[in-house]
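Asks: the following block contains a protein sequence and its predicted model.
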Number of protein chains: 2
Amino acid sequence: MPLINSERLLSDLRHLRTIGAVGQGVVRPAFSAADMAARDWLRSRFEEAGLSTAMDGVGNVTGKSPNTGPAMLIGSHSDTQPTGGWLDGALGVIYGLEVARTLAEDSTTCHLAVDVVSLQDEESRFYGCLGSRSLCGLLPPDAISQAIDKDGVTLPDALREAGLENVPHEALDLSRYRGFLEAHIEQGPHLEAAGNRVGVVDSIVGLGGRRFRFIGEQNHAGTTMMSIRKDAATALFALAQGINDAFSALAGPRSVWTMGRVEVRPGAASIVPGYAELELQYRDPSMTMLDAFEAEVDRLVNEVRARDQATVEMSPSRERIAPVKMDETLRVHLGSAAQKHAPGQWVDMPSGAYHDAGVMAALLPTAMLFIPSIGGVSHDFSENSHDEDIVIGCQVLADATAAMLLDN
Amino acid sequence: MPLINSERLLSDLRHLRTIGAVGQGVVRPAFSAADMAARDWLRSRFEEAGLSTAMDGVGNVTGKSPNTGPAMLIGSHSDTQPTGGWLDGALGVIYGLEVARTLAEDSTTCHLAVDVVSLQDEESRFYGCLGSRSLCGLLPPDAISQAIDKDGVTLPDALREAGLENVPHEALDLSRYRGFLEAHIEQGPHLEAAGNRVGVVDSIVGLGGRRFRFIGEQNHAGTTMMSIRKDAATALFALAQGINDAFSALAGPRSVWTMGRVEVRPGAASIVPGYAELELQYRDPSMTMLDAFEAEVDRLVNEVRARDQATVEMSPSRERIAPVKMDETLRVHLGSAAQKHAPGQWVDMPSGAYHDAGVMAALLPTAMLFIPSIGGVSHDFSENSHDEDIVIGCQVLADATAAMLLDN
């Protein structure tokens, strides 16, 4: 199997890091000037690699091999969180480029077709996984016209600003592809903690969420007796603690849940809160567990409604995302390559975070590869991985891609 | 006993309401232009009633009877909440004026000494009960120089602006007074709910508070397994629910507690909260209950510290205020007068809110009288009472004042 050029790989990653760099991290939210500059630079690098390139009407940058298929599509996203790490997304895009170059340069693999993609707005500035959803035809009709970022910028305005207003949206050519591969930094501590160099993702966990509104009655904290209070915070505490107790009892080894958003109003020590909000998010690799969590939440909400004086309203806080299984054949190829380059130091594992691969899996056989994150850090300027792990991951991906395409 | 002039009483209350009026309510925070205008007007009304008047260096307006003591001091505060009701404080000041006038006009009581006072900043724009604390010599040394309102205005600047910079601070003449009487609208629903017209306060509840800070570790809500999380919100929910459970089990009939301030950061659905704050306030007429609440909080904090991953810090959120018993003799006089003017429609009751009377009680025999609040509304533009109840309350206070002073 051809060897990747580790110097070229690291040098491209480091160059991409300079676009939007802030300290150790990167600020390159979708459609920002830095994001568009990064996409222009990626496109030029794709071209230098002999790929035919395009940027479509939602900002996806593709580089297509001149070879006929079946092709492998490899990539991730080059947009970042508002304060992002340098590898999140970028790693998977540059891996795709390096694999395309490596296979094209070797006489045993130069006939294989590897296409590369940098998808747009995986990080939800406007609409999570905008690029992959658009490519797969999975965007709701009003998604683009209605999307707005947290500062009030609309997606149509951002597209106009980026010069993409009248550019066509690419649709995935299903006849061309054998599958989609996405490499990513783990965003968790498991690989590092166990001394592993590579993770082969077996599933992307599903997730759901609930938003609760508690409507009570604002009152004087000294003169309003407990028996007649309608305290929105009391109902919130009861529900939140109930959820923590019940989910702990139910949870599987990969279950996680979070109540990250809590608002209590008016928010003064001397005033009985008249209004509160709580947001719950839960993830699990199994649909059955997500169902069980939701049934438990329904039960607890009814319990709090029956006992507490405040009114409790519940609504889904987001579209539920079903757990996604990765393609078995692609996984086996990734595992074989991992075993060759990191013998005994790789593992099958679920992805706790969502990824474009979760979208692409609806249309194409899809698999993911993880490399370790130092300290498990994610969505933070300090996110990092060891160069050696970056190199091993790319070599595993190159080997597996060649093997899959040669398999056909 | 002499009868009050109800028309004059209501007319003075209504005139005071026009100073700083906003809709049905009043905006007259301490040292605002409206507050100072109200104090000037009060001073002129005190003078018209034959009292010798002064405004001292913290804004207290006093009107003293030309008669020698023993005197009764009657009053409350004319400053309001940022969005206050028209009777809160104002009622007790105008009652004092009307009682002084009524007794002065009657041949059987014109030799009695009734002084009137409008105390300053009971409502804590700068320093809660500033006026009564200053009058009683109970202000900490730096209180005035350090006090600052929520908009950053310092108390020394406000005093300069009000022209009070070099005005002496009055000290209570203990040799003159038989006691202090404060009338107030109830700020709660009890009198109205039970069909009572008058409440004779037996005690002002004490209160204490605790501020909790939860220091966890901010993390990705998808990839951070439950076992290694340090979730600040989880610890907050556990403590808050623990407090609600434990206090419910301990509480006496007049215990109240409130967790009105809750902050969870960074406050995003997809991020494990790294930091949270909670504020608890508890009130009870008995010191023993306040002690028991605090012991329970200590126990629960240690329980959460032992079980949860986040660090919990606790500190007092405010100076503890001890419960204050009202003077027995004054109460009996108020009760007799109430029984005469509202037979079977008055009640002994604690005050759940704090008042200047709580300060004055440290130096003088003190009692309080409540009149009903329509709907129990307090600290709101819509606060109100029925004219008939306003009149009855003042007559009860006049009768009781005469009886107490004739008693000597």
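Replies: Structure's in. What do you need? Residues are numbered from 1 along each chain as shown, chains lettered A, B, ... in the order given.
Asks: now do the contacts for A:Glu122.
Replies: With contacts taken as CB atoms under 8 Å, 6 or more residues apart in numbering or on different chains, A:Glu122 has the following neighbours: A:Ser76, A:His77, A:Asp79, A:Gly89, A:Gly128, A:Cys129, A:Leu130, A:Gly131, A:Ser132, A:His355, A:Asp356. All C-beta atoms are positioned from the backbone trio N, CA, C, and that covers glycine.
Asks: next one: the second one from A:Ile271, what distance?
Replies: Using CB to CB, to the nearest Å, one gets 45 Å for the distance from A:His77 to A:Ile271.
Asks: go ahead and flag the most central residue of chain A.
Replies: Residue closest to the average C-alpha location in chain A (CA atoms, centre = their mean): A:His355, at 3.1 Å.
Asks: wait, doesn't that residue sit right on A:Ala367?
Replies: No - using CB atoms under 8 Å as the test, A:His355 is too far from A:Ala367 to be in contact (11.2 Å).
Asks: any common contacting residues for those two?
Replies: The contact sets of A:His355 and A:Ala367 overlap at A:Glu182 (CB under 8 Å, 6+ apart).
Asks: gap between the residue lying closest to A:Gln24 once chain neighbours are set aside and chain B?
Replies: Of all residues beyond its chain neighbours, the one nearest A:Gln24 is A:Phe381 (5.1 Å), with distances taken as CB to CB, 6 or more residues apart in numbering or on different chains. Distance, A:Phe381 to chain B, by CB to the nearest CB, to the nearest Å: 13 Å.
Asks: what secondary structure does the residue of chain A most remote from its centre sit in?
Replies: With distances taken from the mean C-alpha point of chain A and given as CA atoms, centre = their mean, the most distant residue is A:Thr223, at 49.9 Å. Using DSSP: H, G, I helix; E, B strand; the rest coil, the structure places A:Thr223 in coil.
Asks: that one and chain B: what is the separation?
Replies: Applying CB to the nearest CB to A:Thr223 and chain B gives a distance of 3 Å.
Asks: now do A:Cys129
Replies: Distance of A:Cys129 to chain B, computed by CB to the nearest CB: 14 Å.
Asks: and for A:Leu112?
Replies: On the measure of CB to the nearest CB, A:Leu112 and chain B end up 33 Å apart.
Asks: contact partners for the residue nearest to the centre of chain A?
Replies: A:Ser76, A:Glu122, A:Glu182, A:His184, A:Ile204, A:Met368.
Asks: closest residue of the stretch 1-150 of chain A to chain B?
Replies: With distances taken as CB to the nearest CB, the stretch 1-150 of chain A approaches chain B most closely at A:Ser124, which sits 9.1 Å away.
Asks: distance from whatever helix or strand A:Ser76 lives in to the middle of the chain?
Replies: Element membership for A:Ser76, per DSSP states H and E: strand A:71-77. Relative to the centre of its chain, strand A:71-77 is centred 15 Å away, using CA atoms, centre = their mean, to the nearest Å.
Asks: re earlier: now do the SS call for the residue nearest to the residue farthest from the centre of chain A when sequence neighbours are not counted.
Replies: Closest residue in space to A:Thr223, ignoring its immediate chain neighbours: B:Gly188 at 3.3 Å, by CB to CB, 6+ apart. In three-state terms, and counting by three-state DSSP, B:Gly188 is coil.
Asks: show me chain A divided up by domain.
Replies: Following automatic domain parsing, one finds the domains of chain A at A:6-205+A:323-407, A:207-316.
Asks: run a quick neighbour tally on A:Glu7.
Replies: For A:Glu7, the count of nearby residues is 9 (other CB atoms under 10 Å in any protein chain shown).
Asks: now do it, the pLDDT please.
Replies: Here the pLDDT value assigned to A:Glu7 is 98.
Asks: confirm it sits in a strand?
Replies: No - per three-state DSSP, A:Glu7 lies outside any strand segment and is helix.
Asks: distance of it relative to A:Leu13?
Replies: Using CB to CB, we find A:Glu7 at a distance of 11 Å from A:Leu13.
Asks: wasn't the residue of the stretch 1-150 of chain A closest to chain B part of a strand?
Replies: No - assessed with three-state DSSP, A:Ser124 is coil; it does not lie in a strand.
Asks: got the phi and psi for it?
Replies: The main-chain torsion angles of A:Ser124 are listed as degrees, to the nearest 10 and equal phi 70, psi 30.
Asks: neighbours of it, how many?
Replies: Residues near A:Ser124, counting by other CB under 10 Å, number 18.
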